[in-house]
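K.L.:
here are the coordinates; sequence isn't available:
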Ligand code: SF4
Ligand code: SF4
């Protein structure tokens with residue numbers, strides 16, 4: 001789940017509220033909060049789909065922009081050299097490389113859009129961004 005929130009909501013304890021109100025399991029993958037300016041949060045989120053839907057509605061009613069991100073990267077196969085560097089930063093194992101062919105494999109269903117793989121690729125084969133927060 002990715003959310004951005006305006007300056008007026010930067011002091012809202014959304015993580016606490018999501019856990020307390022909706023009993024969700026949250027893992028913060030990326031956070032960018034500037035008090036009174038803007039904020040964005042990217043979670044790996046687990047819980048019943050009804051709870052997640054209710055949580056999204058709650059956040060939207062608060063005034064946050066909320067989205068579920070299935071995958072936000074693309075890999076240019078013409079640039080990729082199958083070096084495997086990106087797999088070392090993908091803790092969720094959306095990127096893997098293994099015998100017998102040692103070709104990079106990407107599972108979009110696992111990708112949470114943290115973007116950690118993008119800067120480590122020496123071939124600049126990975127692109128895609130979590131949308132920038134709206135100020
Ligand atoms: S953005 Fe890259 S590092 Fe992050 S989960 Fe997706 S494939 Fe893995
Ligand atoms: S780091 Fe870049 S070149 Fe290396 S396997 Fe990953 S996508 Fe391919």
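P.N.:
Great, that's in hand. Small disclaimer: the values here were computed from a predicted structure and weren't measured. Ligands and ions are numbered 1, 2, ... in the order given.
K.L.:
And the pLDDT for residue 134?
P.N.:
For residue 134, the model assigns a pLDDT of 40.
K.L.:
so what does the top helix by length along the chain touch, helix or strand wise?
P.N.:
What stands out as the longest helix in the chain, according to DSSP state H, is helix 49-62. In this structure, helix 49-62 packs against helix 14-22, strand 65-67, with contacts taken as 3 or more C-beta pairs under 8 Å, 6 or more residues apart in numbering; DSSP states H and E. Backbone N, C-alpha and C define where each C-beta goes, glycine included.
K.L.:
wait, which of those is closest to ligand 1?
P.N.:
Among the helices and strands packed on helix 49-62, the nearest to ligand 1 by C-beta to the nearest ligand atom is strand 65-67 (14.9 Å).
K.L.:
can you tell me the average pLDDT over that closest one?
P.N.:
Here the average pLDDT along strand 65-67 is 89.
K.L.:
Point out where this protein drops to low pLDDT.
P.N.:
Of all residues in the chain, those with pLDDT under 70 make up the ranges 70-71, 129-135.
K.L.:
Name the residues of it found near ligand 1, please.
P.N.:
Proximity of the chain to ligand 1 (C-beta under 6 Å from any ligand atom) is limited to residues 73, 89-90, 92, 94-95, 111-117.
K.L.:
which of those residues are buried?
P.N.:
Among the residues of the chain next to ligand 1, those that count as buried by neighbour count (16 or more other C-beta atoms under 10 Å) are 73, 90, 94, 95, 111, 112, 113, 114, 115, 116, 117.
K.L.:
Could you dump these into JSON lines with secondary structure and distance to residue 24 added?
P.N.:
Conversion of those to JSON lines gives the following (DSSP: H, G, I helix; E, B strand; the rest coil; distance: C-beta to C-beta, whole Å):
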{"residue": "73", "secondary structure": "coil", "distance to residue 24": "24"}
{"residue": "90", "secondary structure": "coil", "distance to residue 24": "23"}
{"residue": "94", "secondary structure": "coil", "distance to residue 24": "21"}
{"residue": "95", "secondary structure": "strand", "distance to residue 24": "26"}
{"residue": "111", "secondary structure": "coil", "distance to residue 24": "20"}
{"residue": "112", "secondary structure": "coil", "distance to residue 24": "15"}
{"residue": "113", "secondary structure": "coil", "distance to residue 24": "18"}
{"residue": "114", "secondary structure": "coil", "distance to residue 24": "18"}
{"residue": "115", "secondary structure": "coil", "distance to residue 24": "22"}
{"residue": "116", "secondary structure": "coil", "distance to residue 24": "22"}
{"residue": "117", "secondary structure": "coil", "distance to residue 24": "25"}
